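**Q** Quick one, structure for this:
(chains A, B, C and D, ligands or ions: 4)
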Amino acid sequence: MSDDRFLTMAEAVREAMTIAMEERPDVFLMGEDVGIYGGAFGVSAGMRDKFGEDRIIDTPISELGIVGAAVGAALSGMRPIVEIQFSDFTAQAMDQIANQAAKIHFMLGGALHVPMVLRAPQGSGTGAAAQHSQVLETWFANIPGLKVVTPSTPADAKGLLLSAIDDPNPVIFLEHKLLYKMKGLEEVPTGAERIPLGVSKVVRHGKDLTIVATGIMVYKARQVADKLAADGIEVTIIDPRTISPLDIKPVLASVEETGRLMVVQEGPKHAGFINEVIVQVTESSTFGSLIAPIKRLAGLDIPIPYAPQLEKAAVPQVEDIEAAAREIVKNWR
Amino acid sequence: MSDDRFLTMAEAVREAMTIAMEERPDVFLMGEDVGIYGGAFGVSAGMRDKFGEDRIIDTPISELGIVGAAVGAALSGMRPIVEIQFSDFTAQAMDQIANQAAKIHFMLGGALHVPMVLRAPQGSGTGAAAQHSQVLETWFANIPGLKVVTPSTPADAKGLLLSAIDDPNPVIFLEHKLLYKMKGLEEVPTGAERIPLGVSKVVRHGKDLTIVATGIMVYKARQVADKLAADGIEVTIIDPRTISPLDIKPVLASVEETGRLMVVQEGPKHAGFINEVIVQVTESSTFGSLIAPIKRLAGLDIPIPYAPQLEKAAVPQVEDIEAAAREIVKNWR
Amino acid sequence: MAPTELLIGHPLASKELASHALLYMWKIRKFEEAVEDLFGRGMMHGTMHLSIGQEAGPTGMCMALQIDDQITSTHRGHGHCIAKGADLTRMIAELLGKKIGYCGGRGGSMHIADAETGNLGANGVVGGGVPIAVGAALASKLQKKGTVAVSFFGDGSMNEGAFHEAANLAAIWNLPVVLFCENNKYGMSSATSKAFKLENLADRGKGYGIPGETVDGNDVVAVYEAAERAVNRARNGEGPTLIESVTYRWKGHSRSDKNLYRTKEEIEEWKEKDPLPKFIHRVQKENLLNQAECDAIQQKAVDEIFAAVNTSVKAESATPDGLLAAVFKGAN
Amino acid sequence: MAPTELLIGHPLASKELASHALLYMWKIRKFEEAVEDLFGRGMMHGTMHLSIGQEAGPTGMCMALQIDDQITSTHRGHGHCIAKGADLTRMIAELLGKKIGYCGGRGGSMHIADAETGNLGANGVVGGGVPIAVGAALASKLQKKGTVAVSFFGDGSMNEGAFHEAANLAAIWNLPVVLFCENNKYGMSSATSKAFKLENLADRGKGYGIPGETVDGNDVVAVYEAAERAVNRARNGEGPTLIESVTYRWKGHSRSDKNLYRTKEEIEEWKEKDPLPKFIHRVQKENLLNQAECDAIQQKAVDEIFAAVNTSVKAESATPDGLLAAVFKGAN
Ligand SMILES: Cc1ncc(C[n+]2csc(CCOP(=O)(O)OP(=O)(O)O)c2C)c(N)n1
Ligand SMILES: Cc1ncc(C[n+]2csc(CCOP(=O)(O)OP(=O)(O)O)c2C)c(N)n1
Ligand SMILES: [Mg+2]
Ligand SMILES: [Mg+2]
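**A** Ligands and ions are numbered 1, 2, ... in the order given. Sure, this is the predicted structure:
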């Protein structure tokens, strides 16, 4: 791990898992190639040597089985962390995720609960094509009983993952592949400080435009905000961080100030999660303070293509976000 | 089948499948207990005797396997209809649905395509509890490459299913359990007339309020509209019928006339499909003609409970829709 | 009844054990009859999956388990739940949607669970409980608890991917789990002869390196003996066992079943193999219980069910308030 | 090359067939080397899964197939695709994101398919292709086409539920399908010795009533002979066969692999078992081809790949226009 504290997301996630495992014996990590291989993206590199094969458990290629095993272990006094190698393969495990883990506490009457975390990398940009690049957060967000976290910085990832592991309920923790190897823009605090789930973060404050973005789109929006600042356009960026439950209050407060709202998600546009942000704004009284139509940027409604020039066209890029932002501010004064 | 043409949805769906199988030899039905049992809800009753075991294929309890087999058969010149006994168990088959069927035509370059229909009953109201009562339409609506149909009447079900079977692409066809045994309000045409996918239906026209509802909520909204009409409140009801692709035009036209919009879905509220309708309205110029805030009615964000008194509380009932409708019209003149 | 009253051991080892086995089989039988009656009288809502004819399996299996051993169950789970020691009143109350029901009316027949007796729950998903049991066994191994997990599942669930992935995990990790297949010849209308290309479903274990055993699921003694062997293997760290308990459901799959896929004759044949008279005859032959004692035990079961129904019917109905708050467990 | 040039038959049955087997193994080897080179030079994007060392499996299997027989392939699918007769230029062009690529640049290495040669596609999902092949076999049976479907999959995919459910369907419906497992000892870093409690993975067939056979996957002759037996069973309506073809991948799983889970010695040992010299030695011993002829065949493969790369590099890149329109097939 690098000495300075500008960690990558992979390092931050590893640090959070390591702290949690040192704090409590009931935490363990299970997944395909998480052991000696260190995970497909190196997130658990070195953890097997530190904690041994009983706490860093390599599994066969059986997503449904391992998520189900995590549910059973969670019902029996453990706090499993399951890594699914690509979030696309949560499809294999949806029964255990949506029909079992999410419902058990409620459906069985409350005596049992399922303290587990399912971690998986999502998103495009690696040239891995349609079956290894999806953003499936909407599936989880629409299932009552799941908490869904989409960190956009290493520091958030660490604090949120520690909270997710503490949480007595199933938490889906979606990391972005492209952020794994990038150093964060902020230092990651040492120590075991938690960041509570369900609290949106005002990443940056500005009076002209409110941008609500998730996952890697937050990172891109920040680059846009810097560019716009150079032209005197001040942008507020809000990262919900937990898309379920969603903390809308900071969004409402900001829109009341800026009067302009743009939302950005990587996932496919049609029926995507980000709609929830728009609808909660339109349902609130804040709505009256909008001076511009709400702008939605999202992935195209297509499977993610392979070739880089096609893949880039499939999801919002910095240029797209910048253009849209400038247009709103220009057209609506 | 009843002699009059006020068929139930089960009868209408059976009629559509029968016509399609008589029209073309490449159509077959496959699923758990679809043969001699006639399907868990009796939809395919008698079809095995008519078409034989090779075209009405009973399968083991293997949702992933049978959907995958349907994909393979569809790639090889057949037009399979797969029945999943409860839409909750599409969870078992999500890889073949979302990662295979939906993506193959695009991802593999267009030379191959997947003409298949996946039929499944969804919805609550039968006391079957959390794992047999879900509305998962949002999962499918958010996956590019799938068409998603949610018929609300027997007549629509027949015409839309015939189109779905004709379609060269994978179509998810979600029927509502409670409608299976209810006679429809309109007669079902004899013959093989198709209803095109992707065309919203104006179920009823009125100048005071636009209600966009899906599935069984359309049925409930119609009861509400009758009651309101008695008090001189005229409601337009629009049923998208195909939630993906979504035909928004009639909604925009209606809202321009009424200035008031209410949307109703059975599925859980958070990040649910119906948000897409709201967002497309807010994105359009029609938006300016709204005189009232858009009202959203949806299922509670809870697993569907068992006891009838709890189950009713979980999804919008006629009374809820009526109260909300009256309030909008009263408060916003 | 309190779980502590549960007896563990061979059904023929003593008068107490014989009485226990007989009592529990009667409890299951009478419970199911009561459910059918409540349903028929419109007092119970939803659907029901009765295990009449299958009482020996759960009873024999659970008599080989300690109270802290765990089970996962199925949509046809009343018997497993009772055999593991659940409270009959809370069970009936759940079916009637009462506050005191095991799930507070939120789960119903397909979701009864009882943390106190290690019952991780019935499951509405075919095959859904198998990976969960394997996970419980993994926890037992990691925590060195020495407990065993048993997954009850039907023949039909063996064709689910969930069974496959879970069975393989249990095998490669040598987990203390018993895979207990109740082969009642059908998965809804699907006959095992059509859904499998195997004579004995126990042979499916061969594909995982898991020993399999086929037993007469209507003979509580045979089931117990197989269960004891499997539990011992599990506790001794020898890994999972697949038990195929061959039995039959007398009633339809659920309410909607017209029984078109099987003959009256077949049903009658199996009624001849009723596990209760079979065991009664055995215990009398072994002079463990006499007719009068057997009758008294049957009566005890009837009385317990009767009392449970009475209490439940009078109990307060569940109310919708607090549903949203019940979705997540609060920080602990 | 046009699919019609494909030869079917025993690799030792004639000079032509021997040349064909050798040529195809060389094509696969040289193709993979070219991919590695393009990747290394940054001309190719994404990831790559090379099958160097595994050439005998696909070659032997496909020499037992007719052109209209179908296959499903995997993430490590270049070899299957080539052996079934795909056009090398369109393959390389796909990897380079060109318009003329098999997927028009939309799929890449993990999604090459070729409708003309019955290749239903590589698959990025482990186990994803198995149910699809079973469905293709179902279609063949329903349409009485007499064609056979072959599913290529790795050892790792046998622990996916998809494999299980598909294998059982193939068994109970007696479908004309060959389940061809390329057991290269590892699923990424997961050794078969840890992921299975079986000596031979072919034994997994026993759990479904499917005959299994384990063959030396580096011996194209042995593979062909097992393949021919399986294809004959399938065509004769005798149902599926599970072939375990034991082989080894020389290269890492993909680019990110540091090979920490295996030893250099093990890799070297397997390089000794290189399928190419093994077959060359055999054909020379049998006097089917002499050294010069063997060298010429190798050169032919090199030339074909070289030409394919050259054409592809010059070809027009895919463009984003029309992506939305490509999602759905228009009415037909
Ligand atoms: C995943 C899934 N698929 C289908 C169903 C519908 N279903 C409920 S019970 C049942 C039959 C189960 O057969 P088996 O496992 O043999 O148990 P049995 O009913 O015979 O006790 C089916 C198909 C379900 N509940 N879950
Ligand atoms: C369902 C699924 N899980 C995990 C992965 C990630 N993954 C890709 S290849 C692979 C190993 C596959 O092993 P095997 O089937 O033996 O094929 P091999 O790579 O050895 O040819 C894994 C885990 C995937 N692509 N799909
Ligand atoms: Mg059964
Ligand atoms: Mg392998």
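
**Q** Okay, helices next: where are they in the stretch 101-250 of chain C?
**A** C:129-142, C:161-172, C:192-195, C:220-235 (DSSP state H, counting those that start in this stretch).

**Q** Over to chain A?
**A** Taking DSSP state H as the criterion, chain A contains helices spanning A:9-23, A:47-51, A:63-74, A:94, A:102-107, A:137-141, A:154-166, A:177-180, A:216-230, A:249-258, A:275-283, A:308-314, A:318-331.

**Q** and the angle for the third one with helix C:129-142?
**A** This points to helix A:63-74. 50 degrees (axes from the mean of the first three to the mean of the last three Cα atoms, to 10 degrees).

**Q** what's the answer for the first one, then?
**A** Compare the direction of helix A:9-23 with that of helix C:129-142 by the same axes, to 10 degrees and you get 60 degrees.

**Q** Out of the helices of the stretch 101-250 of chain C, which gets nearest to residue C:52?
**A** helix C:220-235 (15.1 Å; Cβ to Cβ). Placement of C-beta: from N, CA and C, glycine included.

**Q** hey, which helix is longest across chain C?
**A** Under DSSP H, chain C gives helix C:15-40 as its longest helix.

**Q** buried residues in that helix?
**A** C:17-32, C:34-36, C:38-39 (16 or more other Cβ atoms under 10 Å in any protein chain shown).

**Q** any idea of the mean pLDDT for that helix?
**A** Averaged across helix C:15-40, pLDDT comes to 98.

**Q** Could you look up the next helix or strand downstream of that helix?
**A** Once helix C:15-40 ends, the next helix or strand along the chain (criterion: DSSP states H and E) is helix C:56-62.

**Q** Quick one: neighbours of residue A:292, just the number.
**A** Counted with other Cβ atoms under 10 Å in any protein chain shown, residues neighbouring residue A:292 total 17.

**Q** now it: how far from ligand 3?
**A** 61 Å (Cβ to the ion, to the nearest Å).

**Q** swap in residue A:194?
**A** Residue A:194 is 47 Å from ligand 3, by Cβ to the ion.

**Q** Check the burial of that residue by counting its neighbours.
**A** Residue A:194: 15 neighbours (other Cβ under 10 Å).

**Q** Okay, and the beta partners of residue C:187?
**A** residue C:190 (DSSP bridges).

**Q** and the gap between it and chain A?
**A** 17 Å (Cβ to the nearest Cβ, to the nearest Å).

**Q** got a list of what that residue touches?
**A** Residues in contact with residue C:187 (Cβ atoms under 8 Å, 6 or more residues apart in numbering or on different chains) are B:60, B:61, C:126, C:154, C:155, C:156, C:157, C:159, C:195.

**Q** Output those residues in CSV; the columns should cover distance to residue C:52 and neighbour count.
**A** Listed next are the contacts of residue C:187 as CSV, based on distance: Cβ to Cβ, whole Å; neighbours: other Cβ atoms under 10 Å in any protein chain shown:
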residue, distance to residue C:52, neighbour count
B:60, 25, 25
B:61, 22, 26
C:126, 20, 28
C:154, 15, 24
C:155, 17, 25
C:156, 18, 26
C:157, 20, 25
C:159, 25, 28
C:195, 23, 24
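
**Q** Among the residues you listed, which lie within strands?
**A** Applying DSSP state E to the contacts of residue C:187, the entries found in strands are residue C:154.

**Q** For the nearest residue to residue A:218 once chain neighbours are set aside, list the residues it contacts.
**A** Excluding the flanking residues, the one nearest residue A:218 by Cβ to Cβ, 6 or more residues apart in numbering or on different chains is residue A:152, at 3.7 Å. By Cβ under 8 Å, 6+ apart, the residues touching residue A:152 are A:176, A:179, A:203, A:213, A:214, A:215, A:216, A:217, A:218, A:219, A:239, A:241.

**Q** out of those, who has the most neighbours?
**A** Ranking the contacts of residue A:152 using other Cβ under 10 Å puts residue A:217 first, with 32 neighbours.

**Q** so how far is residue A:124 from it?
**A** Using Cβ to Cβ, to the nearest Å, we find residue A:217 at a distance of 12 Å from residue A:124.

**Q** Same question for residue C:243.
**A** Residue C:243 is 47 Å from residue A:124, by Cβ to Cβ.

**Q** just residue A:232 next, same as before
**A** Relative to residue A:124, residue A:232 is positioned 33 Å away (Cβ to Cβ).

**Q** Please list the residues of the stretch 201-332 of chain C that sit near ligand 1.
**A** Applying Cβ under 6 Å from any ligand atom, one finds that the stretch 201-332 of chain C approaches ligand 1 through residue C:253.

**Q** all strands for the stretch 201-332 of chain C, in order.
**A** C:212-216, C:241-246 (DSSP state E, counting those that start in this stretch).

**Q** nearest to ligand 3, of these?
**A** Ligand 3 lies closest, by Cβ to the ion, to one member of the strands of the stretch 201-332 of chain C: strand C:241-246, at 10.7 Å.

**Q** shaky segments in the stretch 101-250 of chain A?
**A** Applying pLDDT under 70 to the stretch 101-250 of chain A flags no residue at all.

**Q** can you give me the strands in it?
**A** Counting by DSSP E, counting those that start in this stretch, the strands of the stretch 101-250 of chain A are A:117-122, A:147-149, A:171-176, A:201-204, A:209-213, A:235-239, A:242-244.

**Q** Could I get those in TSV, plus columns for distance to chain B?
**A** Below are those laid out as TSV (distance: least, Cβ to the nearest Cβ, whole Å):
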stretch	distance to chain B
strand A:117-122	13
strand A:147-149	9
strand A:171-176	13
strand A:201-204	20
strand A:209-213	13
strand A:235-239	17
strand A:242-244	6
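
**Q** Could you say which of those strands is packed most deeply?
**A** strand A:209-213 (a mean of 29; mean count of other Cβ atoms under 10 Å in any protein chain shown).

**Q** which residues sit against it?
**A** Against strand A:209-213 from outside (Cβ under 8 Å, 6+ apart): A:152, A:220-221, A:224-225, A:228, A:233-240, A:251, A:254-255, A:257-258, A:260-265, A:274, A:277, A:321, A:325, A:328-329.

**Q** again, 7 Å this time
**A** The contact list for strand A:209-213, computed with Cβ atoms under 7 Å, 6 or more residues apart in numbering or on different chains, reads A:221, A:235-240, A:251, A:254-255, A:258, A:260-264, A:277, A:325, A:328-329.

**Q** Tell me which of the strands of the stretch 201-332 of chain C lies nearest to residue A:75.
**A** Closest among these, using Cβ to Cβ: strand C:241-246, at 22.0 Å.

**Q** How is the most centrally placed residue in chain C assigned, secondary-structure-wise?
**A** Residue closest to the average C-alpha location in chain C (Cα atoms, centre = their mean): residue C:80, at 2.3 Å. What DSSP: H, G, I helix; E, B strand; the rest coil gives for residue C:80 is helix.

**Q** average pLDDT for stretch C:173-186?
**A** 98.

**Q** Stretch C:157-173 and ligand 1 in contact?
**A** Yes. Against ligand 1, stretch C:157-173 shows contacts by Cβ under 6 Å from any ligand atom at residue C:157.

**Q** ok now stretch A:246-253, how far from the chain's centre?
**A** 17 Å (Cα atoms, centre = their mean, to the nearest Å).
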